[in-house]
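1. I'll drop the sequence and a predicted model, then ask my questions.
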Amino acid sequence: MKQGVFLQANLAVAVLVAGLALAILPLALEGQTGSDSRVFYDVREEITLSGTVSAVLIRPAPGMIAGSHLLLTTVSGTVDASLGRWGLQGKGALSVMPGQAVEVIGIMKTLQGKVVLVVRTVKVGDKVHAIRNQYGIPVSPQARQRLAEKGESQ
Amino acid sequence: MNREGHVVIPIVLVSLASVFWTSCGSSSPKTVSTTAKMSATGGSGQTVKAGGKFEKPLSVTVTSNGSPLGGLAVTFTAPSSGASGTFVNGNATETDITDSNGVTTSSAFTANKTAGSYTVTAAAAAGASTPASFNLTNQAASTANYSFYVSGLEAICGAGNYAGNYYALAGSVTIDSSGNVVSGEQDYNDAFGCTSPEPSGDTITGGALTVDGTGQGTLTLVTNNSNLGVSGTETLGVQFVNTGHAMIIQFDASATSSGSMDMQTLPSTLSGGYAFTLSGVDSIYYPVARGGVFSISGDTFSNGVFDENDGGTVTTGTPFSGTLSTPDSFGRGTITGTGMANTIVYYIVGPEAIRIINVDPTTSAVGSAFGQGTSTFTNASLEPSVFSFQANNHGVLLGLLGMFTVPSLGTFQGVADYVEDGVISGSGFNISGNYSISNTVGGVPYNGYGNLTITSPRTPPNVVPMAPDVTTMGVYLADPNLNLNDPNNAAGGGGALVLELDPYLAGSMGVLTPQTDTATASFAGNYAFGAQDYYIGDPGSEFDFVGQGPVGSGNLSGVGLVNDPFCFFVEVTMGIYSDVPFSGTLTPDPLNVGRYTIPLNVTAGGSTVPFQVIVYQASGGQLFWIDEEPYGSAYPNDQIIMDQFSGSLQRQGWPAGLPAAIGSGGKTPATRKH
């Protein structure tokens, strides 16, 4: 239900996507992790976000954290969604095009002074792609294969 | 006895079997019809170490009625099995023609690796003669056994499509005094299909250790497993610190990794308490690391307890026991029943040091266990130390290095540098917290089993807030008489193995090294150095290096080996680089004595990368470094987003007595393209 909370809440958070000249729009956020957190990824703070892919970045734009990214257009604005080291790399990697609708689960964090959605899963159509595990550890191509063999999305 | 010149054998050559030069100048041997003598006039009575080349070739003089008999075909024949040797043609036989003086000389003759005495014969090709004989001896070469282990990323076994498989390799190799690899065993495990057959492991059947005068070179290992290395042959880059210890990397196109090679004391009896850590991947291929303590008595593991960070799931204080098999002649045995893996293979370095590798087919890990001696550890056992962590290449890419003092028992304070996925979360930031040693689990006290918690604010001003991820470590104390980086070195003062217990940092482990000398003046001399660099790129994410060079007047100038199978230095070009220059100027941190910064320029494949490196000094003999690249730095390969490395510098003792062929090993550039 966090998606609903997310969409209905009216907490203003600026999301800056540096170098891409995209709009800085207020976002309503639930459970954003503060810098005092001692856990990098806390599933209790997860949000579910639906949007449309506006850009697929295999490499980060200047100012973004390392790894690949999706830029998502949501009802609340543009969101920088981090896919980590292997989200778009290797066998079984997420394949998505601008214009596609996706549903992502992750947590909002402020890293390097910028707000980013640290993505755990991306759902495209009926398929759920594991990007990180429940502790935020990136899912490698090898781990994707093992998870698939076990019939798990994560 | 040197029989040279004394072996004279009369021979009678029948007319059709003897030869001489024809008047038309043909070089074809011809027959003679006379009585002749064949004498071994050079090369008999020699001794050489097995596998070595005899100093002199074999010479025969043939006379007929006192006159030289030229143009005669003479065949030298060495035994076809057992102690023997080969000529330059690679065969045990060779045919040569006598000159006008009746003399013929073989090509250089090289002993095989079997010790013993034998006879090489020289006979006329016509066969109607009593051969001359050369008595030769292959002397048993003195040998030394080394245990080695590495972990890193492989470029084989389908890894090209998978961003590099994790792999671990451990083994033992016997090397003779000429540098020949006589024999050995190893266990390789990528948990992804390329593993050694168990329970036997792989057999090492040959190879060579070749180093230059600085202790730098290569060790080739010819194995019976064609799936590994390059068609079954693995090449390691070696940098000897001293005769008993080398920093090593895999140095071929199949994989890159870092580790250690250490002279073995065999046989050795394992007994008493041990501390251990090992890191690798679990059955999902998530990073996993474990650490703890245990005791060995006979074939029994007992009183064990371990902590685990498995893909972020942290479990502490799990009791365990197990069974230890009797080691073979290479010091290899198995550990079963621990609950950490079905089978762990161990290789003995000495009575207080073993390398351990998980050999299960779908999980992999490698690490070490060190003896605890007779110590009963308390909070007073933890001394001012340098701590150094190494990331797991399938986990979060962290670099964590620092030092601390113990202002009061159970508390620490110090300074650290921390890099996480390319972001410098803290550079020389203050840390403090508390620790506890020899903790009790379920009412049972475990000697040397402890933990350490950082409680200070870990977000220094104006620094990105990711350092909070580091809070908790497992600490497992070792014998104060051991050097954990060089277990054959009596200097070192013990320390502890440490394990990252924060979920996000699964797979990371390191060492705590007593800090005994922070004087800049002590940081001088010749140093061996090495590091394992992780980066985010495509397709892989690791390169490794070892090197050597002097530190003096604040400058480091060295030469090393770099294995770069995933194209860090040059885009789309994998490189196995020798003669790589390393240079930089050390600047001591005036606020934190024992900490230095050094922009380290490394040039490989024509590309120079100015790594921003931090050094922490445990003593003049042991230092540690990490690369602290500002995020967003430019790289020669613009596919690279970030990198960081972790490693050490170890002051060299002259590798006198090294069982290696001293030559130009490791100095041949070999660069290949995809």
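-> On my side now, so go ahead.

2. right, and the secondary structure at whatever residue of chain A ends up closest to chain B would be what?
-> Chain A approaches chain B most closely through A:Tyr135 (2.7 Å), counting by CB to the nearest CB. Where you see a C-beta, it was placed from the backbone N, CA and C, and this is true even at glycine. Following DSSP: H, G, I helix; E, B strand; the rest coil, we place A:Tyr135 in the coil state.

3. I'd say it and B:Ala506 touch.
-> Yes - using CB atoms under 8 Å, A:Tyr135 is in contact with B:Ala506, at 7.1 Å.

4. Please enumerate the shared neighbours of these two.
-> Contact with both A:Tyr135 and B:Ala506 is made by residues B:Gly311, B:Gly312, according to CB atoms under 8 Å, 6 or more residues apart in numbering or on different chains.

5. In terms of packing, which of these two has more residues around it?
-> For A:Tyr135 versus B:Ala506, the count of surrounding residues by other CB atoms under 10 Å in any protein chain shown is larger for B:Ala506: 29 against 23.

6. before we move on, back to that, burial count for the residue nearest to the residue of chain A closest to chain B when sequence neighbours are not counted?
-> Nearest residue to A:Tyr135 in three dimensions, chain neighbours excluded: B:Gly312, at 2.7 Å (CB to CB, 6 or more residues apart in numbering or on different chains). B:Gly312: 25 surrounding residues under other CB under 10 Å.

7. Now find how far off-centre the one helix or strand B:Gly530 maps to is within its chain.
-> Taking DSSP states H and E as the definition, B:Gly530 sits inside strand B:525-536. Using CA atoms, centre = their mean, to the nearest Å, the distance from the centre of strand B:525-536 to the centre of the chain it belongs to is 14 Å.

8. That one pairs with which strands, and in what direction?
-> Sheet pairing here is set by DSSP bridges, and for strand B:525-536 it gives strand B:542-552 (antiparallel), strand B:642-651 (antiparallel).

9. What are the buried residues along it?
-> Residues B:Asn526, B:Tyr527, B:Ala528, B:Phe529, B:Gly530, B:Ala531, B:Gln532, B:Asp533, B:Tyr534, B:Tyr535, B:Ile536 are the ones in strand B:525-536 that count as buried (16 or more other CB atoms under 10 Å in any protein chain shown).

10. Same question for stretch A:69-83.
-> A:69-74, A:76-83.

11. Turn those residues into TSV, including secondary structure.
-> Formatted as TSV, the buried residues of stretch A:69-83 follow (three-state DSSP):
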residue	secondary structure
A:His69	strand
A:Leu70	strand
A:Leu71	strand
A:Leu72	strand
A:Thr73	strand
A:Thr74	strand
A:Ser76	coil
A:Gly77	strand
A:Thr78	strand
A:Val79	strand
A:Asp80	strand
A:Ala81	strand
A:Ser82	strand
A:Leu83	strand
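
12. among those, which two are most distant?
-> A:Ser76 and A:Leu83 (20.1 Å; CB to CB).

13. where along the stretch 351-500 of chain B do the strands fall?
-> B:353-358, B:364-371, B:385-390, B:398-405, B:411-420, B:423-436, B:440-441, B:444-445, B:449-454, B:472-478, B:495-500 (DSSP state E, counting those that start in this stretch).

14. Which strands or helices does the longest one pack on?
-> Contact here means 3 or more CB pairs under 8 Å, 6 or more residues apart in numbering or on different chains; DSSP states H and E; on that basis strand B:423-436 packs against strand B:411-420, strand B:449-454.

15. Name the strands paired with it and say parallel or antiparallel.
-> Short version: by DSSP bridges, strand B:423-436 pairs with strand B:411-420 (antiparallel), strand B:449-454 (antiparallel).

16. and whichever residue of the stretch 501-650 of chain B sits closest to chain A, what is it in contact with?
-> Nearest residue of the stretch 501-650 of chain B to chain A, counting by CB to the nearest CB: B:Tyr504, 3.7 Å away. Going by CB under 8 Å, 6+ apart, B:Tyr504 touches A:Val39, A:Phe40, A:Tyr41, A:Tyr135, A:Gly136, A:Ile137, B:Gly312, B:Val396, B:Asp469.

17. interface residues of chain A facing chain B?
-> A:35-41, A:59-60, A:62-63, A:65-67, A:85-86, A:89-91, A:110-113, A:133-138, A:140-143, A:145-147, A:150 (CB under 8 Å from any CB of the partner chain).

18. what stretches of chain B score poorly on pLDDT?
-> For chain B, the stretches flagged by pLDDT under 70 are B:1-35, B:125-129, B:160-163, B:457-468, B:539, B:654-657, B:661-674.

19. In it, which residue sits nearest chain A?
-> B:Gly312 (2.7 Å).

20. I'd say that residue and A:Gln134 touch.
-> Yes - the pair formed by B:Gly312 and A:Gln134 meets the contact definition of CB under 8 Å, at 6.9 Å.

21. got the residue ranges for the strands in chain A?
-> With DSSP state E, the ranges of strands along chain A come out as A:13-15, A:25-27, A:47-57, A:68-74, A:77-84, A:101-111, A:114-124, A:127-130.

22. same check, this time on the stretch 101-250 of chain B
-> Under DSSP E, counting those that start in this stretch, the stretch 101-250 of chain B gives strands at B:103-105, B:110-111, B:116-124, B:132-139, B:143-154, B:165-176, B:181-189, B:202-211, B:216-223, B:233-242, B:245-250.

23. Reformat those strands into CSV and put mean neighbour count and distance to chain A next to each item.
-> Formatted as CSV, the strands of the stretch 101-250 of chain B follow (neighbours: other CB atoms under 10 Å in any protein chain shown; distance: least, CB to the nearest CB, whole Å):
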stretch, mean neighbour count, distance to chain A
strand B:103-105, 20, 60
strand B:110-111, 22, 46
strand B:116-124, 20, 50
strand B:132-139, 22, 48
strand B:143-154, 25, 11
strand B:165-176, 27, 6
strand B:181-189, 25, 14
strand B:202-211, 21, 22
strand B:216-223, 24, 24
strand B:233-242, 26, 22
strand B:245-250, 29, 19
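
24. between these, which one is nearest to B:Thr573?
-> strand B:143-154 (17.2 Å).

25. Which strands border that closest one, and is each parallel or antiparallel?
-> Its sheet considered, strand B:143-154 pairs with strand B:165-176 (antiparallel), strand B:255-263 (antiparallel) by DSSP bridges.
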